[in-house]
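A.B. asks: Dropping the sequence and predicted coords here.
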Amino acid sequence: MGGHAIEVRSDVVVKRYRSSGHDEPGREWRALGLLDAYAPGLAPAPVSADLEADPPVVVMSRLGGDAVRGKIAGRLVDALAEAVTRVQHGIPRRALEQVPPRAGHPVELLEQVRGWAAPAAPLDGDPTIAEALRAASAWVARPGLERVLARPGTPVFGTGDGNLANYLWDGTRVRVVDFEYSGRSDRAFELAEIGEHIAVWENDRHGMTAVLERLELTAEEAARLTECRRLMAMYWLLRTKGEVRSEQAVRMLALL
């Protein structure tokens with residue numbers, strides 16, 4: 001991976017960070033300590049760290065299991081829902097309030113996709129992609145959207161990365177790795193990042209929908225989730241190419 005190098009040993013994993021612009025080593029070390037204290041067994045246990053080294057290093061326990069791939073069904077649906085819930089709600093509110101915000105915020109993402117959308121719209125000859133870009137560009141320019149996304153949602157601990165590869169399944173339970181961008185976040189944004197991540201849609205889109213349906217949302221959370229999912233879908237529409245982009249265009253139009 002571009003942001004770090006990983007050395008897997010018999011009992012521990014050594015992670016060396018090539019990038020620290022978002023305090024990735026510090027975020028990861030903090031997350032491992034908090035989850036070890038309040039949700040033990042869910043994530044690697046912290047072993048040691050040298051955050052001032054060049055490159056910074058974090059050593060953590062090695063977990064069993066493999067990255068989730070293929071069909072998401074049966075016990076795996078419940079195990080994923082349980083893992084997501086424990087990550088988000090395992091840390092008590094008093095401790096969560098002391099955690100810095102995660103790297104990236106809905107408004108920051110909105111500004112990013114607005115900047116990408118204008119030059120992208122006229123460049124694609126695929127009619128479905130062109131329609132999706134036009135519709136998404138109109139949505140992202142909607143007056144008041146920035147104000148909606150700026151409102152604070154339900155506070156949770158966020159991993160900052162919805163990649164399915166960060167969820168390890170051993171046949172019994174799911175555990176979570178990779179907290180480089182983690183921090184205090186809001187529930188809807190985190191769930192949108194999981195539900196709309198391109199790794200999920202390339203793997204089993206229907207299975208992850210079943211996972212999210214296991215999570216009870218308030219009416220306010222559900223409304224915010226819709227807007228955040230549109231934002232994440234547009235992000236991936238603008239980042240992908242080829243057949244994947246065509247499929248993402250269909251997804252974008254469905255969300256709109």
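C.D. replies: That came through, no problem.

A.B. asks: For the residue nearest in space to the middle of the chain, give me its contacts.
C.D. replies: The residue lying closest to the centre of the chain (C-alpha atoms, centre = their mean) is G162, at 2.4 Å. If you count contacts by C-beta atoms under 8 Å, 6 or more residues apart in numbering, G162 has them with 190, 193-197, 199-200, 232. Placement of C-beta: from N, CA and C, glycine included.

A.B. asks: which of those lies closest to Q112?
C.D. replies: The shortest approach to Q112 among those belongs to M232, at 11.6 Å (C-beta to C-beta).

A.B. asks: Confirm that that closest one sits in a helix.
C.D. replies: Yes: applying DSSP: H, G, I helix; E, B strand; the rest coil, one finds M232 inside a helix.

A.B. asks: For it, grab the count of nearby residues.
C.D. replies: Residues lying near M232 (other C-beta atoms under 10 Å) number 24.

A.B. asks: Wait, it touches E190, no?
C.D. replies: No: if you go by C-beta atoms under 8 Å, M232 and E190 don't touch, sitting 10.6 Å apart.

A.B. asks: so the residue nearest to the centre of the chain, which of the three states?
C.D. replies: Assignment for G162 (three-state DSSP): coil.

A.B. asks: Walking through the protein, point out its strands one by one.
C.D. replies: Using DSSP state E, the strands found in the chain span residues 4-8, 12-17, 46-50, 57-61, 66-67, 155-158, 167-169, 174-176, 183-186.

A.B. asks: between those strands, which gets nearest to A223?
C.D. replies: Across the strands of the chain, A223 has its closest neighbour in strand 183-186 (12.7 Å, C-beta to C-beta).

A.B. asks: Please compute how far that closest one lies from its chain's middle.
C.D. replies: Taking the mean of its C-alpha atoms, strand 183-186 sits 11 Å from the chain's own mean (C-alpha atoms, centre = their mean, to the nearest Å).

A.B. asks: Can you spell out which helices and strands pack onto it?
C.D. replies: strand 155-158 (3 or more C-beta pairs under 8 Å, 6 or more residues apart in numbering; DSSP states H and E).

A.B. asks: and the strand it packs on, what does it pack onto?
C.D. replies: helix 75-89, helix 93-96, strand 183-186, helix 187-196.

A.B. asks: So in the protein, where's the weakest helix or strand by average pLDDT?
C.D. replies: When the helices and strands of the chain are compared on mean pLDDT, DSSP states H and E, helix 198-203 comes out lowest with a mean of 85.

A.B. asks: what sits up against it?
C.D. replies: 68-70, 72, 162-165, 194, 208, 236, 239-240, 244, 247-248, 251.

A.B. asks: 6 Å instead, please
C.D. replies: Contacts to helix 198-203, defined as C-beta atoms under 6 Å, 6 or more residues apart in numbering, come from residues 163-164, 208, 236.
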